[in-house]
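# Sequence and predicted structure are below.
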Amino acid sequence: MESASSFTVMATGQIESAEIPNCDNAYLKFQLVAGEDWQLLDGLEEGITQAARVSQGFDQLLVWNFPLDVTFKTTNAYGWPQIVVSVYGLDTFGRDVIKGYGCMHLPTCSGRFNLRLRLFKPRSASLIQSFTSWLTGMPAEFSDPRFPSYGEGREVTRVESSGIVNVQVSVLTKDMELFGYTSGKPAAVDVMQQL
């Protein structure tokens, strides 16, 4: 029997919905960001959902149910894949503006998970900048949408909470034990990102 030269992580599921205060319609852009040693075997690393309107029911959700299906291989866990989301919607003047960013590592063990990504958006540094950005329809936003997945520079960024995105994902790992990693036991759990 041949020894494996890498281990594999497969994630399937969907970006289900979002709860964003004072947002009637929005769409979401997502990226899967992984370290340099990670190689994409199958699936899309990035995508964009359709525009959704807030449901008329009690929960007031923006529902996308956008599919995720990606497979990576690597030889080490450094740079474990993260899902990074950017939600855009219309302001009161019909301009396309950022509603929030979110980021979370994919679970490291096999199982089915209901993830809740907390959304945040950058705040202007001053009251004058805030007024100017409102007037021009260009609120503060990151120049690189993957910025939330980076560790550097985040500690000095002023942000405010702006909602939650619900993601359901099933993770399957293969051959991790051969590289000295334990993948845990399969589980069905709810995970809330802690900031």
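Perfect, I can see it now. Nothing here was measured: the structure is a model prediction, and the numbers come from that model.
# For the lengthiest strand in the chain, output the C-alpha coordinates as CSV.
Secondary structure assigned by DSSP state E gives strand 159-174 as the longest strand of the chain. These are the backbone C-alpha positions of strand 159-174, laid out as CSV (Å, rounded to 0.1, in the frame of the first residue of the first chain):
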residue,chain,number,x,y,z
VAL,A,159,-15.0,48.5,13.3
GLU,A,160,-18.7,48.2,14.3
SER,A,161,-20.9,45.1,14.4
SER,A,162,-23.3,44.8,11.5
GLY,A,163,-25.1,41.4,11.6
ILE,A,164,-24.6,37.7,11.1
VAL,A,165,-24.3,35.3,8.2
ASN,A,166,-25.5,31.7,8.6
VAL,A,167,-23.4,29.0,6.8
GLN,A,168,-24.0,25.3,6.9
VAL,A,169,-21.0,23.2,6.0
SER,A,170,-20.1,19.5,6.1
VAL,A,171,-16.4,18.8,6.3
LEU,A,172,-14.6,15.6,5.4
THR,A,173,-10.9,15.0,6.0
LYS,A,174,-8.7,12.2,4.6
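# Could you list which residues are in contact with residue 17?
61-65, 165-166 (Cβ atoms under 8 Å, 6 or more residues apart in numbering). Using the backbone N, CA and C atoms, a C-beta is placed for each residue, glycine as well.
# So in this structure, where's the weakest helix or strand by average pLDDT?
strand 187-192 (a mean of 54; mean pLDDT, DSSP states H and E).
# Quick check: of the contacts of residue 17, which lies closest to residue 143?
residue 165 (21.5 Å; Cβ to Cβ).
# For that closest one, name its beta-bridge partners.
Beta-bridge partners for residue 165, by DSSP bridges, are residue 18, residue 117.
# I'd guessed it sits against residue 116; true?
Yes. Using Cβ atoms under 8 Å, residue 165 is in contact with residue 116, at 7.4 Å.
# Now do the contacts for residue 165.
Contacts of residue 165 (Cβ under 8 Å, 6+ apart): 15, 17-18, 28, 85, 87, 102, 116-117, 119.
# distance of it from residue 76?
According to Cβ to Cβ, to the nearest Å, residue 165 stands 29 Å off from residue 76.
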